[in-house]
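1. kindly return the folded structure for what I paste below:
(one chain, ligands or ions: 4)
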Amino acid sequence: MLASHYHINTLKEAPSEAEVASHQLMTRAGMIRRIAGGIYTYMPLGLKVLRKIENIVREEMDKAGALELLMPVVQPAELWQETGRWDEYGAELLRIKDRHQRDFVLQPTSEEVVTDIVRNEIHSWRQLPVNFYHIQTKFRDERRPRFGLMRGREFTMKDAYSFDRDEISAQKSYDIMYDAYTRIFERLGLRFRAVAADTGAIGGSRSHEFQVIADTGEDEIVYNPDTDYAANIELAEAPCLIAERQAPTAQLEKIATPDATKCELVAEQLKRPLCDTVKAVVLATDPIDDKGKPQIWLLLVRGDHEVNEVKVSKLPGFENGYRLASEEEIQDHFGCVPGYLGPVGLSDTVTVIADRTVAHMSDFICGANEAGFHYTGVNWGRDVAEPQVADLRNVVAGDPDPTGTGTLAIQRGIEVGHVFFLGDTYSKKLQATYLDKEGKPQLIQMGCYGIGISRIAAAAIEQNHDDKGMIWPRAIAPFEVVICALNWAKSEAVQTASMQLYEQLKAQGIDVILDDRDVRPGVMFADWELIGVPVRVTVGDRGLKENMLEIQQRARGENEKIQTSEALSYIT
Ligand code: ATP
Ligand code: MG
Ligand code: MG
Ligand code: MG
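-> Ligands and ions are numbered 1, 2, ... in the order given. Prediction:
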């Protein structure tokens, strides 16, 4: 590729709405152009990066035995009504009508369509397991599309769906995908971490997110540097952790100790305005209930807000339900005006959704009664048994026999992949069954696995850039090498030497561009530093007189002089 024939249109300034480096730099480098909020054209330079990411993802998916197909972007409402998600999905689901006033959606994900395919295609145990995937445009009408490709409304995702005969085999399919994802992110050349995660709107019981580590990430990850424990804070969030965010590394032992100062600190932290969704993790358990399950009581006392909804989502292995108690029952028991009261399981995540900003989370009391329940440590203020901050290790380690000690650290991440074990959630609703060896119909066990192709491009930049521009990992750089031919138009020596190197590199399969534009060297260098090509070779008359070229590795910055004859082996 000759740069004079390519479309290079770099900008000095980033658009004012671009808040993060990837958005600023991709726009300045001319990789993306905004057409509407959260909707972008991938320009040739940007599309090249996406295709390289796609290829790595596709190769590893194929190696893992998944089969590529391509499902439509426009999907009929009936399928979404069958699973109930037509009503449940909310405003992120873009609904459209055709000329006959029939309802359709622009797909945000494809569980419905793929399960419909499978219920029609798969009849016998002999056809399972199978894993179908596609790389396709998604549309989610995000409440706050922002950060360019990081949170677009239209974006590209690889989504895969596994179908198995039984749970054991479905868990194996999950593990295969988990391993494939690990290989994918290694090959992409990114620093990442797989973390235990919430299953959210997709449903299911086991899930991991793949997070690219970057300070600008929207997610917070809690991990133990000494073990392989890592979780999205959405899952592990606890008042103690919120307090510890100031000091990113905390001794678990210390958090676990009931300690008045710490509790005050917790309460103080929680007084800062939070969002209108408050989350708490139930940290403590009472003695076993009459059905043999561990449970605690959660009491939410109304403050100056209306509580609209309390959702309890579960960690794998905790099956307890949640119920609302009558106001009288609560008043009798606790002597205060209740919001909600009910038993929830140890380690459940409780999300409280209030109708406006909840200024003080300490309005909520996660409490206990005289039977010896423990507290989360916030503003209990009642004459009950000695309050205790429960042992955080129960939660963070997710370990039924919480024994070890260690440190907890927090870092920010960008969610680039997500794997879910779904079980029969969708197959039950859509009646996707197969006949087992005895000829009996059985529900198919499912898993689903997403990778944000376009978000990865942005995440790679968030993780790798400097004040001059992007620094691409070689595997996904728009070009691996740029040859800057100085004074191309006038110097035959430069033309010959740069063309020769260019042809040699191409013959080696290296993705190279030759910059033959008639621009000043400073402009040329600034463009390629902005675009972030990993290796730059400068060919100029002065160097050629001594048979020398200049090579710069974008990540390191310094220039090195190298013999013309050694250039090829140096680069490849
Ligand atoms: P988020 O928490 O960031 O909203 P999600 O959990 O809703 O993401 P999933 O449903 O798990 O996303 O989708 C799989 C993958 O698709 C995500 O891991 C992410 O990489 C990508 N993705 C999701 N939403 C967007 C978006 N708005 N823009 C770009 N990529 C996205
Ligand atoms: Mg989302
Ligand atoms: Mg998420
Ligand atoms: Mg997710």
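2. ok, residue 147 to ligand 1 distance?
-> Noted for residue 147: a distance of 9 Å to ligand 1, by CB to the nearest ligand atom, to the nearest Å. Where you see a C-beta, it was placed from the backbone N, CA and C, and this is true even at glycine.
3. make that residue 160, sorry
-> In terms of CB to the nearest ligand atom, residue 160 sits 11 Å off from ligand 1.
4. give me the number of neighbouring residues for that residue.
-> 27 (other CB atoms under 10 Å).
5. ok but it is inside a strand, no?
-> Yes. Under DSSP: H, G, I helix; E, B strand; the rest coil, residue 160 falls within a strand.
6. what spatial separation is found between it and residue 186?
-> 18 Å (CB to CB, to the nearest Å).
7. and for residue 467?
-> 28 Å.
8. compare the two (neighbour count), which wins?
-> Between residue 467 and residue 186, residue 186 has the larger neighbour count (other CB under 10 Å), namely 13 against 6.
9. longest strand in this structure, by residue count?
-> strand 407-423 (DSSP state E).
10. what strands line up against that one, and which way round?
-> Using DSSP bridges, strand 407-423 pairs in its sheet with strand 206-213 (antiparallel), strand 219-223 (antiparallel), strand 250-251 (antiparallel), strand 445-452 (antiparallel).
11. could you find the closest non-adjacent residue to residue 570?
-> Distances taken as CB to CB, 6 or more residues apart in numbering put residue 562 closest to residue 570, at 5.7 Å, once the chain neighbours are dropped.
12. hey, what's the one you found bridged with?
-> residue 549.
13. right, so of the strands paired with strand 407-423, which gets closest to ligand 1?
-> Proximity to ligand 1 (CB to the nearest ligand atom) singles out strand 445-452 among these, at 2.2 Å.
14. tell me where the stretch 401-550 of the chain has strands.
-> Here the stretch 401-550 of the chain has its strands, by DSSP state E, counting those that start in this stretch, at 407-423, 433-435, 441-443, 445-452, 465-466, 469-470, 481-485, 512-515, 535-539, 548-553.
15. packing partners for the third one?
-> Read it as strand 441-443. strand 433-435 (3 or more CB pairs under 8 Å, 6 or more residues apart in numbering; DSSP states H and E).
16. state the mean pLDDT of the strand it packs on.
-> Strand 433-435 comes out with an average pLDDT of 98.
17. which parts of that strand are buried?
-> 433, 434 (16 or more other CB atoms under 10 Å).
18. can you check stretch 166-177 too?
-> Buried-residue list, stretch 166-177, by 16+ other CB under 10 Å: 170, 171, 173, 174, 176, 177.
19. ok so, going back, most packed of the strands paired with strand 407-423?
-> Mean neighbours per residue, mean count of other CB atoms under 10 Å, is largest over these for strand 445-452, with a mean of 27.
20. and it, anywhere near ligand 1?
-> Yes. Judged by CB under 6 Å from any ligand atom, strand 445-452 and ligand 1 are in contact via 450, 452.
21. now that strand: mean pLDDT?
-> 97.
22. dump that strand to CSV, keeping only the CA atoms.
-> Presented in CSV, the C-alpha positions along strand 445-452 are these (Å, rounded to 0.1, in the frame of the first residue of the first chain):
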residue,chain,number,x,y,z
GLN,A,445,-28.4,-27.1,28.0
MET,A,446,-26.9,-23.9,26.8
GLY,A,447,-24.1,-21.4,27.2
CYS,A,448,-23.5,-18.0,25.5
TYR,A,449,-20.2,-16.2,24.9
GLY,A,450,-19.7,-12.6,23.7
ILE,A,451,-16.7,-10.6,22.6
GLY,A,452,-16.9,-6.9,21.8
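23. now the angle from the host helix or strand of residue 182 to strand 206-213?
-> Following DSSP states H and E, one finds residue 182 within helix 167-188. Computed by axes from the mean of the first three to the mean of the last three CA atoms, to 10 degrees, the angle separating helix 167-188 from strand 206-213 equals 10 degrees.
24. packing partners for helix 167-188?
-> Looks like helix 167-188 contacts helix 44-63, strand 154-164, strand 192-196, strand 206-213, strand 407-423, strand 445-452 (3+ CB pairs under 8 Å, 6+ apart).
25. 10 Å instead, please
-> On a contact count with 3 or more CB pairs under 10 Å, 6 or more residues apart in numbering; DSSP states H and E, helix 167-188 meets helix 44-63, strand 130-139, strand 154-164, strand 192-196, strand 206-213, strand 407-423, strand 445-452, helix 453-463.
26. how many neighbours does the residue of the stretch 51-200 of the chain at minimum distance from ligand 1 have?
-> Ranking the residues of the stretch 51-200 of the chain by distance to ligand 1 (CB to the nearest ligand atom) places residue 155 first, at 3.7 Å. By other CB under 10 Å, 23 other residues sit near residue 155.
27. that one and residue 25: what is the separation?
-> 18 Å.
28. now swap in residue 141 and tell me
-> From residue 141 to residue 25 the distance is 26 Å (CB to CB).
29. between these two, who's got more neighbours?
-> residue 25 (23 against 17).
30. the nearest residue to that one once chain neighbours are set aside pairs with what?
-> Excluding the flanking residues, the one nearest residue 25 by CB to CB, 6+ apart is residue 470, at 5.1 Å. Per DSSP bridges, the residues bridged to residue 470 are residue 465.
31. what's the spacing between residue 470 and ligand 1?
-> Applying CB to the nearest ligand atom to residue 470 and ligand 1 gives a distance of 18 Å.
32. got a list of what the residue nearest to residue 570 touches?
-> 537, 543, 547, 548, 549, 550, 551, 569, 570, 571 (CB atoms under 10 Å, 6 or more residues apart in numbering).
33. that one and residue 73, how far apart?
-> 49 Å.
34. kindly report the same for residue 442.
-> 32 Å.
35. thought residue 59 was touching residue 135?
-> No. The criterion here is CB atoms under 10 Å, and residue 59 misses it with residue 135 at 11.9 Å.
36. the two - which one has more neighbours?
-> Using other CB under 10 Å as the criterion, residue 59 and residue 135 rank with residue 135 on top: 20 against 14.
37. re earlier: report pLDDT for the residue nearest to residue 25.
-> 98.
38. and residue 16, by the same measure?
-> Model confidence at residue 16 (pLDDT) stands at 91.
39. show me what contacts the spatially closest residue to residue 152 that is not a sequence neighbour?
-> Nearest non-adjacent residue to residue 152, counting by CB to CB, 6+ apart: residue 38, 4.6 Å away. Residues in contact with residue 38 (CB under 10 Å, 6+ apart) are 139-142, 144-149, 151-155.
40. repeat the analysis, applying 7 Å as the threshold.
-> 142, 145, 152, 153, 154 (CB atoms under 7 Å, 6 or more residues apart in numbering).
41. how much space separates the fourth one from residue 521?
-> Separation of residue 153 from residue 521 (CB to CB): 40 Å.
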